[in-house]
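S.K.: Provide a 3D model corresponding to the input given below.
(4 chains)
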2 protein chains.
Amino acid sequence: MARKAASLELAVLGLLHESPLHGYELRKRLNLLLGWGRLLSYGSLYPALKRLLRAGWITEVTATSPGVSRRQRIVYQITPAGRQHFGEQITDTGPSAWEDDSFNTRFAFFSRTDADVRLRILEGRLSRLQERLDRAQHSGRGGSGDDRYLSELRRHSIESVEREVKWLTDLINAERSSDRSAEQTPAATRPDQDQSDTTISAAPPADATTGNTR
Amino acid sequence: MARKAASLELAVLGLLHESPLHGYELRKRLNLLLGWGRLLSYGSLYPALKRLLRAGWITEVTATSPGVSRRQRIVYQITPAGRQHFGEQITDTGPSAWEDDSFNTRFAFFSRTDADVRLRILEGRLSRLQERLDRAQHSGRGGSGDDRYLSELRRHSIESVEREVKWLTDLINAERSSDRSAEQTPAATRPDQDQSDTTISAAPPADATTGNTR
DNA sequence: CCGTGATATATCGTGCTGATACGTTGAGTC
DNA sequence: GACTCAACGTATCAGCACGATATATCACGG
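M.R.: Now for the predicted structure:
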């Protein structure tokens, strides 16, 4: 249960891993890190922080002003147990590491992840997207035959997923190269100035899509 | 309240507008129509149907077998009041018609929508996406400075939104053309065989994305 | 006939989302 | 110095989505 909850908690631990933060700042960073669309609400953040407190992964400290302001703020810190938990979770390639939220969170902390784990996660994500693509293409026209707008919507959705697939494929190739040749460029290494690539393009979480979701 | 709920109800009314359906079939079609990612669960569908029943927009009929099977099925039909409500909602360019779910639902029923309303919806959606783009580009590097993976994630997210923007722009131009020249090709009219277009590309709901969302 | 898988209806717990409330701090401005 | 206003900051609530699960019927093959 709580797939999304788990990835939110993981993201919080990841941010606190670097430095202690208070709620407001935490929300801003989370919104930058994940979620370019709808923003994370306090109604999700605070309950998540409480769960983390209960589990002993973080502690809270009431701090009084950093320099000028004497405004009270509640600062959250990660505990050693929390660091350990974060390490286990980020490494865990268990079921569900390829879902939208979970994948994004893990990807955001890739620089703290081992190369082999990175590869496993990228490949898992890739196969998950390919499944979506198959389902979408297989369904063909869905019920309503020849509606122009509907088929345009579908075309665009499929193209989006294809773009996403291409992105992952490039990342995987980059990982493999840097894996073989010592430990060089870890990231994307976009082929060239790109533009006018003959291959297909794919895109984001099918859900959202111009497509999507919802 | 209930942005998502409202768009789900609208989608159900839109499907029932064509023909009566039972729950199982309704779910399948909704999953084709919207949501290429996570599928709609009965835990959302049945409560939505109950809300629609309570409001008097649909009625349920227990049907016994279409041909061979004498299995009981509960078939839902739209009422005249439901048709009217659907017409009002689909035309309503009120606040919130540009959100991910809401926009997708409305777009899916574009062929039953007047040309001027289509344009208003597309333009509203466009400006909403442009806002996202501005926010994302403005934020620049968000806190963590130079993380290779993080910046790659951001780059891809932004590209996705740009692709989405381009899609909408093309659609709007197509609408304007067909608007001026009588009432011809309503849909996309992709420029040519496409591929290797020199312009930038944009994409789906920032949320999902490789970026993403949600 | 018995198992398997698609069809079909329904509910429950967990917790996300958007709205809202309330209070503080700092900067501008007249 | 008093006023306004936006950003900061913590917190809660109603409504509802989601995933899991329970139950049952039907078609088909072995």
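
S.K.: where's the spatially most central residue of chain A, which helix or strand?
M.R.: The centroid of chain A falls nearest to A:N104 when counting by CA atoms, centre = their mean (0.8 Å). Under the criterion of DSSP states H and E, A:N104 resides in helix A:100-108.

S.K.: How about that helix and chain B, touching?
M.R.: Yes - among the residues of helix A:100-108, A:100-101, A:104, A:107-108 lie within reach of chain B under CB under 8 Å from any CB of the partner chain. Yep, even glycine has a C-beta here, placed from its N, CA and C like the rest.

S.K.: are any of the residues you listed buried, and which?
M.R.: Buried subset of the residues of helix A:100-108 next to chain B (neighbour count, 16 or more other CB atoms under 10 Å in any protein chain shown): A:100-101, A:104, A:107-108.

S.K.: nearest to B:W36, of those?
M.R.: Among these, A:D100 lies closest to B:W36 (CB to CB), at 11.6 Å.

S.K.: ok, now how distant is the closest one from B:R38?
M.R.: Look at A:D100 and B:R38: by CB to CB, to the nearest Å, they are 8 Å apart.

S.K.: for A:I58, same thing?
M.R.: On the measure of CB to CB, A:I58 and B:R38 end up 29 Å apart.

S.K.: who's more crowded, these two?
M.R.: A:I58 (23 against 16; other CB atoms under 10 Å in any protein chain shown).

S.K.: for chain A, what are the low-confidence residue spans?
M.R.: Applying pLDDT under 70 to chain A flags residues A:1-2, A:64-70, A:138-146, A:179-214.

S.K.: can you do 50?
M.R.: Applying pLDDT under 50 to chain A flags the ranges A:67-68, A:141-144, A:188-214.

S.K.: Which stretches in it count as strands?
M.R.: A:21-22, A:58-64, A:72-78 (DSSP state E).

S.K.: any chance of the ones you listed in TSV, with distance to DNA strand D too?
M.R.: What follows is these, written out as TSV (distance: least, CB to the nearest atom of the strand, whole Å):
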stretch	distance to DNA strand D
strand A:21-22	4
strand A:58-64	8
strand A:72-78	4
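
S.K.: out of these, deepest packed?
M.R.: Comparing the strands of chain A by mean neighbour count (mean count of other CB atoms under 10 Å in any protein chain shown), strand A:21-22 comes out on top with a mean of 18.

S.K.: can you tell if that one touches DNA strand C?
M.R.: No - using CB under 7 Å from any atom of the strand, strand A:21-22 never reaches DNA strand C; the gap is at least 12.2 Å.

S.K.: Which residues does that strand contact?
M.R.: A:15, A:29, A:63, A:73-76 (CB atoms under 8 Å, 6 or more residues apart in numbering or on different chains).

S.K.: Which residue, neighbours along the chain excluded, lies closest to the residue nearest to the centre of chain A?
M.R.: Among residues not flanking A:N104 along the chain, A:L34 sits closest, at 5.3 Å (CB to CB, 6 or more residues apart in numbering or on different chains).

S.K.: Surely that neighbour touches A:A11?
M.R.: Yes - using CB atoms under 8 Å, A:L34 is in contact with A:A11, at 6.2 Å.

S.K.: between the buried ones among the residues of helix A:100-108 next to chain B, which is nearest A:R132?
M.R.: A:D100 (10.7 Å).

S.K.: isn't the closest one right next to B:G37, touching?
M.R.: Yes - with contact defined as CB under 8 Å, A:D100 counts as touching B:G37 (6.7 Å).

S.K.: any idea how far the nearest residue to A:S127 once chain neighbours are set aside lies from DNA strand C?
M.R.: Distances taken as CB to CB, 6+ apart put A:W98 closest to A:S127, at 7.7 Å, once the chain neighbours are dropped. For A:W98, the distance to DNA strand C (CB to the nearest atom of the strand, to the nearest Å) stands at 18 Å.

S.K.: A:W98: what's it in contact with?
M.R.: A:121, A:124-125, A:127-128.

S.K.: Can you say which of those residues are buried?
M.R.: A:121, A:124-125, A:128.

S.K.: Let's see which of those end up in helices.
M.R.: When these are checked against helices (DSSP state H), the matches are A:121, A:124-125, A:128.

S.K.: ok, which residues in chain A are in contact with DNA strand D?
M.R.: So chain A meets DNA strand D at A:1, A:3, A:22-25, A:41-43, A:46, A:69, A:71, A:73-74, A:214 (CB under 7 Å from any atom of the strand).

S.K.: Pull out the buried residues from the helix ranked longest in chain A.
M.R.: For chain A, the helix that runs over the most residues, judged by DSSP H, is helix A:148-180. Residues A:149-154, A:156-168, A:170-172, A:174-175, A:178 are the ones in helix A:148-180 that count as buried (16+ other CB under 10 Å).

S.K.: Ok, stretch A:93-112 next?
M.R.: Neighbour counts over stretch A:93-112 (16+ other CB under 10 Å) mark A:93, A:97-110 as buried.

S.K.: ok, now stretch A:5-15?
M.R.: Result for stretch A:5-15 [16+ other CB under 10 Å]: buried residues A:6-15.

S.K.: just curious, which of these is nearest to DNA strand C?
M.R.: For the buried residues of stretch A:5-15, the minimum distance to DNA strand C (CB to the nearest atom of the strand) is 5.3 Å, reached by A:L8.

S.K.: Can you give me every residue that contacts the closest one?
M.R.: Contacts of A:L8 by CB under 8 Å, 6+ apart are A:30, A:40, A:44-45, A:48, A:101, A:105.

S.K.: looking at those, which has the most residues close by?
M.R.: A:T105 (26 neighbours).

S.K.: need the contact list for that one.
M.R.: A:7-8, A:10-11, A:14, A:34.
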